[in-house]
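Enquirer: no FASTA, just this:
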Ligand SMILES: Nc1nc2c(ncn2[C@@H]2O[C@H](COP(=O)(O)OP(=O)(O)O)[C@@H](O)[C@H]2O)c(=O)[nH]1
Ligand SMILES: [Mg+2]
């Protein structure tokens, strides 16, 4: 399924996208006046692939076969040809809830995510990635927690290319109901393989960054 183009929609072009640094602690977070968009989700949900797909850069965020590897906050500086989104920062937050990672490691990085989300003054949108077919308890908790701290997230359902057309309506409805979202406020279906959802997600992010 291709994206539906509406008034004011056009294919935004990314002009530059460059890695700034990986942060192991809050002292390394960015102090700038650029708007920030953060991405968070369970390890292996397809976050690195989505960032690469959004930014049209193949190897920018590392796509991994070994889940749970990234425990740092990765920052990318991006420029585009869209006047409303000319310069901004993409924040790749560490994946949560990977069972094979030890409790000690988890204890180290959950606070890092919270410090970032609590502290960033430039944060305009948090995108939570969930798998189209499986909503984990931690996805639910993350989304509820973000809403409770006044940062209602943009929810994206990843890897929709894996669903048959006959499966996807039901899967997206179950996701929406599982998250307690109203009709019309469900997750944005996305595929980093086909590029489906890219324009729609940019449109939503533009809204959030402008306001
Ligand atoms: N079919 C399909 N596979 C995907 C998609 N996005 C990611 N994957 C695969 O899922 C695995 C995890 O992807 P990655 O981007 O590293 O996930 P991350 O751990 O959340 O950053 C990799 O094997 C990817 O090739 C997608 O949209 N469709
Ligand atoms: Mg990753």
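Expert: Yep, it's here. In this text, all values refer to a predicted model and were calculated from it rather than measured experimentally. Ligands and ions are numbered 1, 2, ... in the order given.
Enquirer: Just the pLDDT at the residue of the chain most remote from its centre, thanks.
Expert: Distance from the C-alpha centroid of the chain, by CA atoms, centre = their mean, peaks at residue 166 (25.9 Å). If you check residue 166, the pLDDT there is 91.
Enquirer: The one 5 residues further on now?
Expert: Note on residue 171: pLDDT of 95.
Enquirer: Got phi/psi on the closest residue to it other than its chain neighbours?
Expert: Take residue 171 and drop its neighbours on the chain: the residue closest to it by CB to CB, 6 or more residues apart in numbering is residue 132, 5.1 Å away. Using the backbone N, CA and C atoms, a C-beta is placed for each residue, glycine as well. Dihedral pair for residue 132: phi -60, psi -30, per degrees, to the nearest 10.
Enquirer: do the same with residue 126
Expert: Backbone geometry at residue 126, expressed as degrees, to the nearest 10, gives phi -110, psi 120.
Enquirer: May I have the residues that are in contact with it?
Expert: The contact partners of residue 126, by CB atoms under 8 Å, 6 or more residues apart in numbering, come to 37, 38, 39, 40, 117, 146, 151, 153, 154.
Enquirer: So the residue nearest to the last one when sequence neighbours are not counted, which state does it fall into?
Expert: In this case it means residue 154. Once flanking residues are discounted, residue 154 sits nearest to residue 127: 4.8 Å by CB to CB, 6+ apart. Put simply, residue 127 is strand when judged by DSSP: H, G, I helix; E, B strand; the rest coil.
Enquirer: Hmm, residue 127 is touching residue 36, no?
Expert: No - using CB atoms under 8 Å, residue 127 is not in contact with residue 36, being 11.4 Å away.
Enquirer: the more surrounded of those two?
Expert: Per other CB atoms under 10 Å, whichever of residue 127 and residue 36 has more neighbours is residue 127, with 26 against 21.
Enquirer: and the gap between the more buried one and residue 142?
Expert: To residue 142, residue 127 is 11 Å away according to CB to CB, to the nearest Å.
Enquirer: Show me whatever sits in contact with both of the two.
Expert: Counting by CB under 8 Å, 6+ apart, the residues touching both residue 127 and residue 142 are 40, 153.
Enquirer: Which residues of the chain lie near ligand 1?
Expert: 41, 43-49, 63-65, 67, 95, 158-159, 161-162, 191-193 (CB under 6 Å from any ligand atom).
Enquirer: In ChimeraX, how would I pick out whichever of those are buried, leaving the exposed ones unselected?
Expert: ChimeraX command restricting these to the buried ones, with burial defined by 16 or more other CB atoms under 10 Å:
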select :41,43,44,45,46,47,48,49,67,95,158,159,191,192
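Enquirer: give me phi/psi at residue 207?
Expert: Main-chain torsions, residue 207, degrees, to the nearest 10: phi -50, psi -50.
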